[in-house]
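> got a structure for you, letters missing:
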Ligand SMILES: Nc1ncnc2c1ncn2[C@@H]1O[C@H](COP(=O)(O)OP(=O)(O)OP(=O)(O)O)[C@@H](O)[C@H]1O
Ligand SMILES: [Mg+2]
């Protein structure tokens with residue numbers, strides 16, 4: 001894999017070409033100071049605007065908590081603009097492994113702090129920040145990346161209607177149900193329809209417009225023959241092959257085989273959660289071994305602060 005392949009799958013590389021076929025989103029460039037804050041150990045939230053003002057009054061109070069008032073203002077403006085609830089991700093990944101940390105176990109964010117808490121707790125986000133070119137050859141691993149926060153309008157997506165589409169030489173070669181942990185009785189009877197519709201959608205709107213010839217594209221079937229593009233991913237092992245294996249996919253690509261559709265066809269076919277190994281951030285693993293009790297203190301302080309923020313925004317709303 002070369003570096004350009006990874007870069008072409010980053011959100012801002014493809015969004016403008018597919019704006020009509022995907023979810024409305026905004027991209028905010030991240031300052032290096034914020035990237036450094038995300039990379040720091042421990043979980044503590046930045047100072048809010050009000051706290052910053054207070055601290056300026058009481059200069060003697062020093063805090064290790066940073067503050068990003070400009071970024072916060074931009075994020076709050078975008079949240080408003082996108083209807084009050086957003087789905088956050090960085091250039092490639094969403095903090096899916098951290099959703100357990102927030103109320104409601106979802107990536108639906110209403111505030112700047114909701115977003116920070118998810119980004120700070122996620123190993124998937126750390127991976128974007130530290131090893132985005134992991135499978136590229138050595139010479140292509142270094143180099144600067146402009147990190148971006150992507151905020152997407154929140155929409156409810158029924159997991160039964162999400163599919164990962166594997167494309168080789170600009171042809172759809174395989175389609176997998178995206179959520180491999182569930183059996184959806186409505187899907188198997190639609191197999192032929194969905195395959196036909198996805199191939200049509202891909203050939204009409206994606207082939208030739210996406211900058212690569214091999215890729216995996218995630219789609220949401222909104223309605224009969226109506227799709228939204230959710231994401232593009234590299235055509236190799238950095239991407240989860242779901243109900244296929246990469247060996248099968250490479251073979252299908254090399255032999256020019258006909259497109260295959262796979263879904264779970266009975267309750268017994270359900271796979272274990274792919275996030276089992278990720279659901280605990282490494283900070284918390286440190287805690288469980290007693291390696292760093294200060295992290296727990298930081299976390300509890302942050303949770304109290306978050307609850308205070310929630311209460312004061314409830315008060316404001318009254
Ligand atoms: N705007 C949105 N509103 C609500 N849910 C969303 C939105 N965008 C994506 N999702 C949900 O979040 C899931 C993960 O999103 P996305 O594919 O962008 O993350 P990712 O980190 O790139 O995942 P992967 O590593 O598998 O490629 C999607 O499968 C979809 O169920
Ligand atoms: Mg992705």
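Alright, I've got the coordinates. These figures come from a predicted structure and were not determined experimentally. Ligands and ions are numbered 1, 2, ... in the order given.

> Please work out which residues outside stretch 231-245 touch it.
Residues from elsewhere that reach stretch 231-245 (C-beta atoms under 8 Å, 6 or more residues apart in numbering): 1, 5-6, 8-9, 11, 14, 134-135, 164, 166-168, 174, 176-178, 180, 210, 212, 214-218, 246, 248-249, 260, 262-264, 274. (C-beta placed from N, C-alpha, C; glycine too.)

> which of the residues you listed count as buried?
Buried by 16 or more other C-beta atoms under 10 Å: 1, 5-6, 8-9, 11, 14, 135, 164, 166-168, 174, 176-178, 180, 210, 212, 214-218, 248-249, 260, 262-264, out of the contacts of stretch 231-245.

> Low-confidence ranges, this protein, go.
43, 56-64, 269-296, 307-318 (pLDDT under 70).

> Spatially central residue in this structure, please.
residue 94 (1.5 Å; C-alpha atoms, centre = their mean).

> ok, it - contacts?
87-88, 107, 124.

> re the thing from before, among the buried ones among the contacts of stretch 231-245, which are within reach of ligand 1?
Contacts with ligand 1 within the buried ones among the contacts of stretch 231-245, as defined by C-beta under 6 Å from any ligand atom: 178, 218.

> what residues does the stretch 151-300 of the chain put near ligand 1?
Taking C-beta under 6 Å from any ligand atom as the measure of proximity, the stretch 151-300 of the chain contacts ligand 1 at 152-155, 157, 162, 178, 218, 230-231, 233, 240.

> in the sheet, who's paired with whichever residue of the stretch 151-300 of the chain sits closest to ligand 2?
Ranked by C-beta to the ion, the top residue of the stretch 151-300 of the chain for proximity to ligand 2 is residue 231, at 3.9 Å. As for beta bridges, residue 231 partners with residue 218 under DSSP bridges.

> For it, grab the count of nearby residues.
20 (other C-beta atoms under 10 Å).
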